[in-house]
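Student: any chance you can model this:
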Amino acid sequence: MELAVGATLSLTDRTHLYAEVGKLWDTGGSSRIKSGLNGSVGVRVAW
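Tutor: Numbering: from 1, shown residues only. As a prediction, the model looks like this:
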C-alpha cells in the first residue's frame, strides 16, 4: 500500500512548482517492503 500527498503551485501560466511526499507499507503475505518517506520536488514549464 502507498500513501502520498502532493501539491502544485502555479508561478505563471506556463510555470508550475510541484512537490510530493509518500510512504510504502507491506500489505501482508510474503511481501516485505521497508521504506522511509520518499519525496520529489520540481518545476514544470510548458513551452
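
Student: show me the shaky parts of this protein.
Tutor: 31, 33-34 (pLDDT under 70).

Student: all strands of it, in order?
Tutor: Per DSSP state E, the chain carries strands over the ranges 2-10, 15-24, 38-45.

Student: nearest residue to residue 17 other than its sequence neighbours?
Tutor: Leaving aside its sequence neighbours, residue 17 sits nearest to residue 9 (Cβ to Cβ, 6 or more residues apart in numbering; 4.5 Å). Where you see a C-beta, it was placed from the backbone N, CA and C, and this is true even at glycine.

Student: what sits against the one you found?
Tutor: Residue 9 is in contact with 16, 17, 18, counting by Cβ atoms under 8 Å, 6 or more residues apart in numbering.

Student: could you state which residue of the chain sits nearest its centroid?
Tutor: Among the residues of the chain, the one closest to the centroid is residue 20, at 3.1 Å (Cα atoms, centre = their mean).

Student: wait, isn't that one in contact with residue 5?
Tutor: Yes - contact criterion Cβ atoms under 8 Å: residue 20 and residue 5 qualify, at 7.1 Å.

Student: so what's residue 11 up against?
Tutor: Applying Cβ under 8 Å, 6+ apart to residue 11 gives the contacts residue 17.

Student: so how far is residue 5 from it?
Tutor: Between residue 11 and residue 5 the computed distance is 20 Å (Cβ to Cβ, to the nearest Å).

Student: also residue 16?
Tutor: 17 Å.

Student: ok, the two, which is more surrounded?
Tutor: residue 16 (15 against 9; other Cβ atoms under 10 Å).

Student: nearest residue to the more buried one other than its sequence neighbours?
Tutor: In space, and not counting its chain neighbours, residue 16 is closest to residue 44: 4.5 Å by Cβ to Cβ, 6+ apart.

Student: need the contact list for that neighbour.
Tutor: By Cβ under 8 Å, 6+ apart, the neighbours of residue 44 are 15, 16, 17, 18.
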